[in-house]
Structure formats: structure tokens, C-alpha cells
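Student: structure, please.
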Amino acid sequence: MMDYVKFNLININHYKLINHSVLDFKGSYSKSTGEINENVLVAEYHFCKITIKNAQSENPYILFTGSIHKLWNDLNGIKAPNYNEKEIYKGFNGNVFTLNNIIEIRSHLENLFDCKASQMIFQNIEFGVNINLTLNPKFFLKGLLHHRGIYFEFKHTRNYAQAKLKNWRFKIYNKKFQYKMIENILRVEVHSNKMTDIDSTGIKTFADINKNTLDKASDLLLKRFDETMHYDYSIDKKKLTKRELEAIKNYSNPSYWIEDLKPNHRDRHKTKLKEITNSHSKKIHQIIKVKIKEMCVTINQHF
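Tutor: Sure thing, here's the model as predicted:
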């Protein structure tokens, strides 16, 4: 359910951290002066990063950033299907990542930093799920129109889509393509840029992560998914009337919704598209929504 996180650590022994046996902190090197700046120290740790700013002071700023999903996989020796020891490896987060796994990582980080989870204060957090489809995820991505009136940005031959809003980024992408997986894995996630966006979850620190708060995060993820406008390319055009055929020429065009339609006219046409989709398609958006719900229920269980 969780993936990328950014949190600062408060009231920890930074001298002990700098001298930790498994962490290799390095300062930045200046090519012009040949000097090493030891005021900012950085250690790479299982595809994550620990940064100490103002390292020479009594109260430095300590920041942890990275994917705790990749961290868990690497600690447990789980590699991506396309792993190649001769190429640069960036970790793997295409499998299922449960609340139990998150709790394991939390305990691991408490030991690493010699602190309590309540001392890990989130600055950014990412919630998402990987779901297995019967169709190629790219078929769904093809029909993405907009997210709350914001165009999707597509990358990696349209296997990755992202809509950037003020307080969050909504991302949908093809894990099958990314990691050369056999399964048709689609990733749906929301990256909160500001913690105010996830106030409803009750999450402030790593100590707040539990089934109840992650269930609320699941509700937020589903809300963001519902806010995404999608054209279903499984619509059977042979069953449409001439008027419906003319309508879907527009409905499948993202710019029609954002540039041609006035905001107060969108709901009427959205209803028409929904009627056509429900009557003459495989209802892929709805299928994915159900799968997101089911996956959230599964991974948010704690045993």
C-alpha cells in the first residue's frame, strides 16, 4: 500500500548514525576547489537515501527518502524479473507489499536509526497497489483522458501516465512493461506532495501506520481513481447508434473534455459516456476499481 516515503528524523543520535557500521556517509566533492563539503552527508541504503544536513551542528536535519517497498524486497533478496547483474539496477516494487511487510520495515528502520517510529515524521508519502489484469495494462492506459481537468503526461511509449496537481500526483503505469513481468500488472498510486492532502487518514508519523489508517488511505486512492476520466476502448461500436458513434469520436479525445467543453457542461456528456460504456463495453474502469478495492482489503490485513 505504501511505497515512496520522505520523512525527517527527530531527536536521534546523529553521531551514532554517522558512525553506523552499515552506512557509508559521504560529503559532496567540489571540482573547482577540490574540497569535500562534510556539512551535508549522504548514505545510500538499499535504493533509499539518508541525508544529514548541517552535519557539523548539534541539531542536524536528518532525512530519509526512497521506496520502502524496494527496500523490503532488497533486504529479502527479491529481484525484478528483468534483473541483469551487468546493468545498473534500480530495485523492484512490482510485487505485493502488505501491511505486515510495512511493519517489518518500520521495525528495521527503528533498529537502524535507534529510535521509535513516532520520531519519523512524514513529509511526503505514496499510496498505491499493484493489480493483476486479464488484459495488457497498456490497453487501459490508452484510454486515460484527464484527472480532475488536468491532462495526463505520458512517458515510456505510453506505458506510464501521470497527472500533476497542486497537492498530489496521480500515477498509473504498466509494471509488466517496466520489469518485463509475465503477469499483466498495473500500478495505481497517489503521491501526496503535501501532508495536508492525507489529513483524513490520520497519518503523521510512521507510528500511525496500521490497518485503520491504511484503510483510509485506500479510500483516498479509490477517490482519486474515480476522479480520473477514462474512455473504454472495449466499447463495441457495432452496437452503437449513429449519434453515439459521432459522440464517442469526441469522447475519446482528451482535448474535447478540457478545451472544447465548458466545465459546467462536462457532467452531462460524462453521463452519456457512462451510459454507452455500461451498455456496450467490458467496463474496464469498473473492473479495475473492484480489483483495487479487493487488493487493498488483502494487503491491509495484519496477522
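
Student: rest of the way, CA atoms for contacts and neighbours
Tutor: OK.

Student: now the strands for the stretch 151-300 of the chain?
Tutor: Assigned by DSSP state E, counting those that start in this stretch, the strands in the stretch 151-300 of the chain fall at 153-155, 160-164, 168-174, 184-192, 228-230.

Student: and residue 37, backbone torsions?
Tutor: Main-chain torsions, residue 37, degrees, to the nearest 10: phi -90, psi 110.

Student: tell me the pLDDT of residue 33.
Tutor: pLDDT for residue 33: 67.

Student: returning to that earlier point: got TSV for the strands of the stretch 151-300 of the chain, with mean neighbour count, distance to residue 121 and mean pLDDT too?
Tutor: Formatted as TSV, the strands of the stretch 151-300 of the chain follow (neighbours: other C-alpha atoms under 10 Å; distance: least, C-alpha to C-alpha, whole Å; pLDDT from 0 to 100):
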stretch	mean neighbour count	distance to residue 121	mean pLDDT
strand 153-155	14	30	98
strand 160-164	20	24	98
strand 168-174	23	18	97
strand 184-192	23	14	97
strand 228-230	20	30	97
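
Student: pull the helix or strand with minimum mean pLDDT from this structure.
Tutor: Taking mean pLDDT, DSSP states H and E as the measure, the chain has strand 26-29 as its least confident helix or strand, at a mean of 82.

Student: mind listing what's buried along that strand?
Tutor: Of all the residues in strand 26-29, those buried under the rule 16 or more other C-alpha atoms under 10 Å are 26-27.

Student: if we can go back for a sec, and the strands of the stretch 151-300 of the chain: which comes nearest residue 104?
Tutor: Residue 104 lies closest to strand 184-192 among the strands of the stretch 151-300 of the chain, at 21.6 Å (C-alpha to C-alpha).

Student: just to revisit the earlier point, JSON lines please, covering the strands of the stretch 151-300 of the chain and showing distance to residue 265.
Tutor: Output for those, formatted as JSON lines (distance: least, C-alpha to C-alpha, whole Å):
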{"stretch": "strand 153-155", "distance to residue 265": "24"}
{"stretch": "strand 160-164", "distance to residue 265": "22"}
{"stretch": "strand 168-174", "distance to residue 265": "24"}
{"stretch": "strand 184-192", "distance to residue 265": "27"}
{"stretch": "strand 228-230", "distance to residue 265": "14"}
